[in-house]
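Engineer: quick one, fold the following:
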Amino acid sequence: ERQQKLGQMLSRMQKMSEEFNVAVLLTNQVMADPGGGCAFMPSHPKPVGGHVLAHFSTTRVMLRKGRAEQRIAKIFDSPWLPESECVFEIF
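Structural biologist: Model prediction:
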């Protein structure tokens, strides 16, 4: 039921973005998957939004903490851009 409601909301947002010619920015929470890794290799974070949100998105960007004040943005799953990373700082 939760995934169906999410799908309906995403469909409405897509129609509005096409009608008004605006971009839609979505955020998704991630959580650790304790059963996904072994004792020596930690598991990758798992998106909470599920497959509905992943398939709706055209381009996905993952943000993570780097050293000190640095942050890393990784572009993946984009039809126009190759997978790549960049480091940036917020002052």
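Engineer: residue 3 should be in a helix, yeah?
Structural biologist: Yes - counting by DSSP: H, G, I helix; E, B strand; the rest coil, residue 3 is found in a helix.
Engineer: helix, strand or coil: sort out the residue nearest to it when sequence neighbours are not counted for me.
Structural biologist: Closest residue to residue 3 apart from its sequence neighbours, by Cβ to Cβ, 6 or more residues apart in numbering: residue 52 at 4.9 Å. In short, each C-beta sits where N, CA and C put it, glycine included. Taking three-state DSSP as the rule, one finds residue 52 in the helix state.
Engineer: and residue 52, what is it in contact with?
Structural biologist: Counting by Cβ atoms under 8 Å, 6 or more residues apart in numbering, residue 52 touches 3, 6-7, 10.
Engineer: among these, who's most crowded?
Structural biologist: residue 10 (18 neighbours; other Cβ atoms under 10 Å).
Engineer: buried residues in the helix or strand hosting it, which are they?
Structural biologist: Element membership for residue 10 (DSSP states H and E) is helix 2-20. For helix 2-20, a neighbour-count test (16 or more other Cβ atoms under 10 Å) marks 7, 10 as buried.
Engineer: contacts for that helix, please.
Structural biologist: Counting by Cβ under 8 Å, 6+ apart, residues outside helix 2-20 touching it are 22-24, 49-53, 56.
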